[in-house]
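Predicted model and sequence below, questions to follow.
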Amino acid sequence: MKLGRLNHIGVATPSIPESVAYYREVMGATSITEPFDLPEQGVKVCFVDTPGENGTNGTQIELIEPLGPDSTLTGFLAKNPAGGQHHLCYEVPDIAEARAWFEGLGKRILGPTRIGAHGTPIFFLHPKDMMGQLTEIMESPRGGH
Ligand SMILES: CC[C@H](C(=O)O)C(=O)SCCNC(=O)CCNC(=O)[C@H](O)C(C)(C)COP(=O)(O)OP(=O)(O)OC[C@H]1O[C@@H](n2cnc3c(N)ncnc32)[C@H](O)[C@@H]1OP(=O)(O)O
Ligand SMILES: [Co+2]
């Protein structure tokens, strides 16, 4: 497998509105999506676009806020009340091939491959098998380019 594009950095936050104000006022972000709920994942999500080489297509900041009491994020925010870097997401051309690659290496895959916030198939790899980094693998919306 080859290292793919860093699609987004997942950043957990206790408050998306506070994080949006920070990215806009402190970091000068100009392109931020409206927040939306992903109840099946127990998160509210919002994307901050960072500029790429030609001013677009940069890696995004994926702001994630717990939605409901048993959100996947509850444990993380209990340990990190101010929030912070939560996961990295890399693109792959073929999610099934990638899954077989990591399974072959004995890495723990967290649950079934499912559709993520960008509408393409994803899976997560346990941080303890990934040098302490919770890692999301996502099939590229660009077909791997
Ligand atoms: C926007 C939607 C998009 C989508 O899913 O489509 C998302 O990105 S949603 C983001 C939230 N969803 C997930 O994170 C799914 C995968 N995560 C999990 O299954 C859990 O969070 C898990 C298993 C990584 C951690 O489980 P839990 O929170 O219950 O904590 P534990 O105490 O069991 O953790 C075990 C061990 O791992 C360390 N840990 C936990 N979270 C992270 C992290 N984000 N980065 C690095 N390390 C993490 C934790 O500290 C424990 O370590 P230990 O040394 O044993 O204390
Ligand atoms: Co993500």
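Looks like it came in fine. Ligands and ions are numbered 1, 2, ... in the order given.

what does this structure put close to ligand 1?
In this structure, the chain approaches ligand 1 at residues 10, 38, 41, 43, 45, 62, 64, 72-73, 75-76, 86-87, 110, 116-117, 122, 124, 126-128, 132, 134, 136, judged by C-beta under 6 Å from any ligand atom. Where C-beta positions appear, they are placed from N, C-alpha and C, glycine not excepted.

Am I right that W101 falls within a helix?
Yes. With DSSP: H, G, I helix; E, B strand; the rest coil as the criterion, W101 is part of a helix.

show me what contacts the residue nearest to it when sequence neighbours are not counted?
With sequence-adjacent residues excluded and distances taken as C-beta to C-beta, 6 or more residues apart in numbering, W101 is closest to M1, at 4.5 Å. Residues near M1 by C-beta atoms under 8 Å, 6 or more residues apart in numbering: V92, E97, A98, W101.

one step back: and ligand 2, which of the residues of the chain next to ligand 1 reach it?
G10, E62, E136 (C-beta under 5 Å from the ion).

In strands, which of the residues of the chain next to ligand 1 appear?
G10, L38, V43, V45, E62, I64, H86, H87, I122, F124, E136 (DSSP state E).

which of those are buried?
When these are checked for burial by 16 or more other C-beta atoms under 10 Å, the buried set is G10, V43, V45, E62, I64, H86, H87, I122, F124, E136.
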